[in-house]
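J.: below is the structure, and that's it, no one-letter string:
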DNA sequence: ATCGCCTCCTGCGCGC
DNA sequence: TGCGCGCAGGAGGCGA
């Protein structure tokens, strides 16, 4: 479900309720996430205060004085802050209850998400260590992408969706960014000029920033922790628009599967 | 090393 | 209405 803008929206939604709060209880309703949730999580976290919560790529990182909790929402995960007296539902797998009587509850029907405890610095964790730069940071430049892509034979869409190249560009925003940059998703990353990477980097930053501003994209069921939908779906140019007219040239939007993922583009506007 | 494909899992919408 | 099928916003891990 969530790409970077949705995770950012989630972070903003939950942070005011839980930051600096002390943990009163932990409930693991179903430990069978991507990896089994540590059954001893309570031993680490009871009576610990949440010192900070940040986002890195699509991970949320909760800092405590004895370690870090890494949360990932996978394809269908969401986080809500609720009153703990409200009964958990079928797909609520995990929750942290704080002293202020707020429960941070993880719902994830497909269970591709993850709850991972680590005691070493989070930057060194194997899930985080190899992540590429944040797309909205100054490190993410055309020069970086150009250099990184030399001799690469993967197509550009697969390349920008690789979190070791850049984090947070998922299937929706990859199609959208390539459309905005006028680049066809199928061409080899290694054959794209620096000049075209300038357009692509600008497009990625623009698309993600706008999506964050709109509170993310609600396609089926994404909503912010307050229950509000994201409004970026109304701004999608190509994603999900197969067979419909391109907004720039009236050509029909083409859909093609690339690396097992639906990809949308305009054969007239993207070369 | 690099790349492409498969996989984990449930729910939903569509066509018959 | 009911059923089966294909598809869904991620990404680790495997085999070639």
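T.: Nice, I can see it. The structure presented is a predicted model; accordingly, all values stated were derived computationally and were not measured.

J.: please make it C-alpha for all contacts and neighbour counts, starting now.
T.: Noted.

J.: how much space separates residue A:130 from DNA strand B?
T.: Distance, residue A:130 to DNA strand B, using C-alpha to the nearest atom of the strand, to the nearest Å: 11 Å.

J.: so how far is residue A:3 from that residue?
T.: Counting by C-alpha to C-alpha, to the nearest Å, the gap from residue A:130 to residue A:3 is 18 Å.

J.: so which of these two has more stuff around it?
T.: Neighbour count, other C-alpha atoms under 10 Å: between residue A:130 and residue A:3, residue A:3 has more, with 23 against 13.

J.: the more buried one: what's it in contact with?
T.: Neighbour list for residue A:3: A:58, A:168, A:169, A:170 [criterion: C-alpha atoms under 8 Å, 6 or more residues apart in numbering].

J.: how does it look with 6 Å?
T.: A:168, A:170 (C-alpha atoms under 6 Å, 6 or more residues apart in numbering).

J.: just the pLDDT for it.
T.: We note a pLDDT of 91 for residue A:3 in this prediction.

J.: strands along chain A, start to end?
T.: A:23-28, A:52-56, A:59-64, A:67-72, A:78-82, A:92-98, A:103-107, A:114-118, A:254-258, A:261-265 (DSSP state E).

J.: in the last one, what's buried?
T.: Read it as strand A:261-265. A:263, A:264, A:265 (16 or more other C-alpha atoms under 10 Å).

J.: turn these into TSV, including pLDDT and distance to DNA strand C.
T.: As requested, the buried residues of strand A:261-265 are exported to TSV (pLDDT from 0 to 100; distance: C-alpha to the nearest atom of the strand, whole Å):
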residue	pLDDT	distance to DNA strand C
A:263	95	8
A:264	95	10
A:265	96	13
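
J.: now render these as a markdown table, adding distance to residue A:53.
T.: What follows is those, written out as a markdown table (distance: C-alpha to C-alpha, whole Å):
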| residue | distance to residue A:53 |
| --- | --- |
| A:263 | 33 |
| A:264 | 35 |
| A:265 | 36 |
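
J.: what number of residues lie near the residue nearest to residue A:102 when sequence neighbours are not counted?
T.: For residue A:102, ignoring the flanking residues on the chain, the nearest one in space by C-alpha to C-alpha, 6 or more residues apart in numbering is residue A:83 at 5.5 Å. Each residue near residue A:83 was counted by other C-alpha under 10 Å, and the total is 14.
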